[in-house]
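>>> pasting the sequence and the predicted coordinates here, then a few questions.
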Amino acid sequence: MRIQQEDTPPSSINGDEITGMEDEGVIYLEEMEEIPFDEDMEDIDDQEEEDAEMEPPEDHSKLVFSKHVGSVFCCDLHPNGVLAVTGGEDDKAYVWSVESGQVVMDCVGHKDSVVFVGFSFDGAYVATADMCGLIKVWKCNLEGNQQEPWPVAFELEIDDLTWGQWHFGARVLICGTVNGDIYVLKIPSGDTKVLQGHNLRVECAKLFQDGVRLAAGYEDGTLKIWDLKTSSVLHTVPANVHQIRITDIDTHPENNLMASISTDGKVILTTSTNGKVVVQMNTEVELETVAFSKDPQMGYLAIGTLIGAVSIWDPTTQIIRHECAKSDDDTAAGVIKMFWVKNHLVTGCLDGSIRVYEGRSGQGVLTLTGHTSEILDICYNEKQSLILTTSDDGTARIFKYEVNTEKD
């Protein structure tokens, strides 16, 4: 940092005396000890520090859950929309009421930060998993004695965990690891399949709508399509296409296409039937999240970046339809996760806000605030029209969010 002392007279380059300057107001070095300490200077410094702190934003949330200590990494909402589950840096996971915030279940026993939580598609089970690979699946007790802990239906310790997800139509839990293996666990029987990797971290994965195939992206840029029934690789997109870590994958609702993005700014569209690359786009910015519109008639693909750019593409023409937010805009905020709710694109941002865009126009229609630090996870329950977020600020928040397409 360059510090400029405005009250100090300039010196001559060659050391000569500078004319036109009087001694009045000049303090010589030997006189410094005689200068009284000005206590007001401390007050000025303190005020500057206070001014530098961010003003807390307006809180639009309907409930704040603050039981965790430290960052809250992950979240999910029960299918009936009355319960939430969160996991955090404090090695804890909690199931709690979205109406009152009261803890319903303390998911004890984890040995490291809880980085994945989720309810099964039918709400019968909730899974919690920590960074060191301990997976616990609990049988949900929604109608029994709420004072009794829920029973553990399944428990397994695997290699260090990178991600987890439930199957959208079966009691099957899928988890990825740092060594590249993917575990497919049938709950509650515990029947286990291992989709063996190639000793490199599996970064992300997404099920196809047929529920049988899984697309997985790896640290070296490799993309594989797995058959969950046979545990075999159907197709492989080699690492020289992405060339670097794949950060996210999404699959088209019509089951015929998948999109993958990587840290070097590449967007790759691949057919699911033969693994052929059909579109390759280069945005030249680090990409973080990608999401197909769930409405096949729209057919849009949204892309979000950590530097604040949000764009909506037409995959068939490879043309950007809308730039919802630009990275050079002072109001832009980096995006960590996004999803579509009907024709609306919902984004969770690094400035702690939720920003919603209308997909057909690209216009911002809603901004929800409340967090004082970056959002780390976000999910949505359609039945109750609720958004749940977790943040680096140590809280989880519930927001009411209803899509009104008539106004768009």
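Received, thanks. Numbers count the residues shown, from 1 in each chain.

>>> which parts of the stretch 51-200 of the chain are strands?
With DSSP state E, counting those that start in this stretch as the criterion, the stretch 51-200 of the chain has strands at 63-65, 72-77, 83-88, 93-97, 103-106, 114-119, 125-130, 134-139, 152-157, 161-166, 172-177, 182-186, 192-195.

>>> just checking: what are the partner strands of the first one?
Okay, so that is strand 63-65. Within its sheet, strand 63-65 is paired with strand 396-400 (antiparallel), according to DSSP bridges.

>>> what residue ranges in the stretch 301-408 of the chain score low on pLDDT?
Scanning the stretch 301-408 of the chain for pLDDT under 70 picks out 405-408.

>>> so A153 touches V137, yeah?
Yes: the criterion here is CB atoms under 8 Å, and A153 meets it with V137 at 5.0 Å. Bear in mind the C-beta positions are built from the backbone N, C-alpha and C, glycine included.

>>> more neighbours: which of the two?
V137 (23 against 19; other CB atoms under 10 Å).

>>> bridged to the more buried one, which residues?
What pairs with V137, by the bridge criterion (DSSP bridges), is A127, F154.

>>> mean pLDDT and distance to I261 added to the strands of the stretch 51-200 of the chain, as TSV?
What follows is the strands of the stretch 51-200 of the chain, written out as TSV (pLDDT from 0 to 100; distance: least, CB to CB, whole Å):
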stretch	mean pLDDT	distance to I261
strand 63-65	98	31
strand 72-77	98	21
strand 83-88	98	25
strand 93-97	98	29
strand 103-106	96	36
strand 114-119	98	21
strand 125-130	98	24
strand 134-139	98	27
strand 152-157	97	31
strand 161-166	98	15
strand 172-177	98	17
strand 182-186	98	20
strand 192-195	98	22
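
>>> wait, which of these is closest to M281?
Comparing the strands of the stretch 51-200 of the chain against M281 with CB to CB, the closest turns out to be strand 161-166 (24.7 Å).

>>> now the helices for the protein?
In the chain, the segments counted as helices under DSSP state H are 40-52, 239-242.

>>> ranking the ones you listed by mean pLDDT, which is last?
For these, mean pLDDT drops lowest on helix 40-52, to a mean of 45.

>>> picking up where we left off before, now tabulate the strands of the stretch 51-200 of the chain in JSON lines and tack on distance to M258.
JSON lines is the format used below for the strands of the stretch 51-200 of the chain (distance: least, CB to CB, whole Å):
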{"stretch": "strand 63-65", "distance to M258": "35"}
{"stretch": "strand 72-77", "distance to M258": "23"}
{"stretch": "strand 83-88", "distance to M258": "28"}
{"stretch": "strand 93-97", "distance to M258": "31"}
{"stretch": "strand 103-106", "distance to M258": "36"}
{"stretch": "strand 114-119", "distance to M258": "22"}
{"stretch": "strand 125-130", "distance to M258": "25"}
{"stretch": "strand 134-139", "distance to M258": "26"}
{"stretch": "strand 152-157", "distance to M258": "28"}
{"stretch": "strand 161-166", "distance to M258": "15"}
{"stretch": "strand 172-177", "distance to M258": "16"}
{"stretch": "strand 182-186", "distance to M258": "16"}
{"stretch": "strand 192-195", "distance to M258": "17"}
